[in-house]
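sequence and predicted structure, then a few things I'm wondering about:
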Amino acid sequence: MPLATLERSPPPFFKQGPSAFTRLMFYAALAVLLMVADSRWKMTQPLRGAIATGLQPIQFALLTPVRARDNVVHYFSGMDEARAVQARAQLQLTQQAERVVRMSQLERENARLRALLGLRPRIEVQTEAAEILFDAPDPFTRKVVIDRGSSHGVALGSPVIDETGVLGQVTQVFPLTSEVTLVTDKDAAVPVINVRTQQRGVAYGQPQSRGMELRFMAGNADVQAGDELQTSGLDGIYPSGLPVAKVLHVERRADSAFARISLKPLSSPDSTHHVLLLAPASTQMPERPLGAASSASLPVTGQSKGGLRAASSVSVSRSGERP
């Protein structure tokens, strides 16, 4: 066979084509181009939508056993939790039944004693349910907005409570909403009384720590960590006996005549959605005689910041404590 007729090209097995580095650079550039085009012009969005639509039945079928298992586990765990909640509720109901019996006896005894002493009956406070809508937009205050206003009969200065204690006081009233200043606001002041010692004072808000502070208490005052503070009712705004705060820390300093007492509010506005509005105590009290009215030091008002400070001033002047 002549040599000219021999095939001089290598067999297909030895053909290499472009080098590996060249192919790497080409596919890398293509990938970058596709990513940029997709991020700018969303070229693959229709393709993704079509693929997602086609895979949805398959995903649903694959998730069906998992969902069935989760439902079964949730059912049995819910049954156990429901039994535990029922047991706790029955125990609490039994304890509360005993307390209700004793409370009814104490109320009857209290009514007889008050009638014997000629004292007027205790004030019945009118209430109105409300819901917290949102926090006030002012970042320097601690206020919330509720879904009750002047059209619902809300009065300026009305105390606001939740299931744990005093939440604040209505300081702005609009036709359909109202603004509530929380007890942790810098302008809030609540006259309180120590349940253990029956010593009166005024609790002020501390917005930085979202707590409260019992100010102008003597360094040797009988105040201990864990003491519960309730409203004293001397300001004519808050009815007496409402839980306000607990003493968190007492710091007695040698360079000051007053102790630094930190309080923890019992109410939690961050986790509360439904609240209760109370009518101001001053609106349900009998009118003062002319002599007593002329000797009053300050009128009790429910005006925003002035009302809070006036209420605290009245309670301080009545309790004999001066800052």
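Structure received. Residues are numbered from 1 along each chain as shown.

break down the chain into its strands, ranges please.
127-135, 143-146, 159-161, 166-173, 178-182, 189-194, 200-206, 211-218, 228-231, 243-251, 258-265, 274-278 (DSSP state E).

residues in contact with the first one?
Translated: strand 127-135. 143-148, 152-154, 160, 177-178, 269, 272-279 (C-beta atoms under 8 Å, 6 or more residues apart in numbering). Using the backbone N, CA and C atoms, a C-beta is placed for each residue, glycine as well.

mark which of these are buried, thanks.
Those of these that meet the buried threshold are 143-146, 148, 152, 154, 160, 177-178, 269, 272, 275, 277-279, by 16 or more other C-beta atoms under 10 Å.

dump the residue contacts of residue 259.
Residue 259 neighbours (C-beta under 8 Å, 6+ apart): 217, 218, 219, 221, 223, 250, 251, 252, 253.

scratch that, residue 207
Counted by C-beta under 8 Å, 6+ apart, residue 207 has contacts 140, 141, 142, 184, 185, 186.

any idea how far it lies from residue 260?
17 Å (C-beta to C-beta, to the nearest Å).

next: residue 128.
37 Å.

likewise for residue 71?
55 Å.

ok, these two, which is more surrounded?
residue 260 (15 against 10; other C-beta atoms under 10 Å).

got a pLDDT number for the closest residue to that one other than its chain neighbours?
Excluding its sequence neighbours, the residue lying closest to residue 260 (C-beta to C-beta, 6 or more residues apart in numbering) is residue 251, at 4.2 Å. As predicted, residue 251 sits at a pLDDT of 90.

what residue ranges in this protein score low on pLDDT?
1-17, 118-124, 283-323 (pLDDT under 70).

ok, back up a step: any idea which of the buried ones among the contacts of strand 127-135 is the one closest to residue 44?
residue 145 (45.8 Å; C-beta to C-beta).

who's the closest one bridged to?
residue 134, residue 179 (DSSP bridges).

please tell me how far it sits from residue 252.
Counting by C-beta to C-beta, the gap from residue 145 to residue 252 is 40 Å.

tell me the domain ranges of the protein?
Taking automatic domain parsing as the criterion, the chain consists of the domains 22-121, 127-283+301-319.

and those domains, which is most packed in?
Mean neighbour counts were taken over the domains of the chain using mean count of other C-beta atoms under 10 Å, and the top value, a mean of 18, falls to domain 127-283+301-319.

which residues of the stretch 1-150 of the chain fall in helices?
20-41, 45-117 (DSSP state H, counting those that start in this stretch).

tabulate those (TSV), appending distance to residue 170.
TSV is the format used below for these (distance: least, C-beta to C-beta, whole Å):
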stretch	distance to residue 170
helix 20-41	52
helix 45-117	30
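
residue 199 against residue 221, yeah?
Yes - counting by C-beta atoms under 8 Å, residue 199 touches residue 221, with 6.7 Å between them.

now stretch 93-102, how far from the centre of its chain.
Relative to its chain's centre, stretch 93-102 lies at 30 Å (C-alpha atoms, centre = their mean, to the nearest Å).

same deal with stretch 240-253?
That offset, for stretch 240-253, works out to 19 Å (C-alpha atoms, centre = their mean).

run through who's touching it.
Counting by C-beta under 8 Å, 6+ apart, 159, 161, 164-166, 183, 190, 192-193, 203, 211-212, 214, 219-220, 223-233, 259-266, 281 sit against stretch 240-253.

can you check stretch 196-204 too?
Residues contacting stretch 196-204 (C-beta under 8 Å, 6+ apart): 183, 186, 188-194, 212-217, 221-224, 227-229, 232, 234, 244-245, 263, 312, 315-316, 319, 321.

the same query, at a cut-off of 7 Å, please.
188-193, 212-217, 221-222, 227, 229, 232, 244-245, 263, 312, 315-316, 319, 321 (C-beta atoms under 7 Å, 6 or more residues apart in numbering).

same deal with stretch 18-37?
residue 43.

please save the CA atoms from that stretch in CSV.
In CSV, the C-alpha atoms belonging to stretch 18-37 read as follows (Å, rounded to 0.1, in the frame of the first residue of the first chain):
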residue,chain,number,x,y,z
PRO,A,18,-9.5,22.6,23.3
SER,A,19,-7.4,22.4,26.4
ALA,A,20,-8.9,21.9,29.9
PHE,A,21,-8.0,25.4,31.0
THR,A,22,-9.7,26.9,27.9
ARG,A,23,-12.9,25.0,28.6
LEU,A,24,-12.7,26.1,32.3
MET,A,25,-12.4,29.7,31.4
PHE,A,26,-15.2,29.5,28.8
TYR,A,27,-17.7,27.8,31.1
ALA,A,28,-16.8,30.1,34.0
ALA,A,29,-17.4,33.2,31.8
LEU,A,30,-20.7,31.7,30.6
ALA,A,31,-21.7,31.1,34.2
VAL,A,32,-20.9,34.7,35.3
LEU,A,33,-22.7,36.0,32.2
LEU,A,34,-25.8,34.0,33.1
MET,A,35,-25.8,35.0,36.7
VAL,A,36,-25.4,38.7,35.8
ALA,A,37,-28.2,38.5,33.2
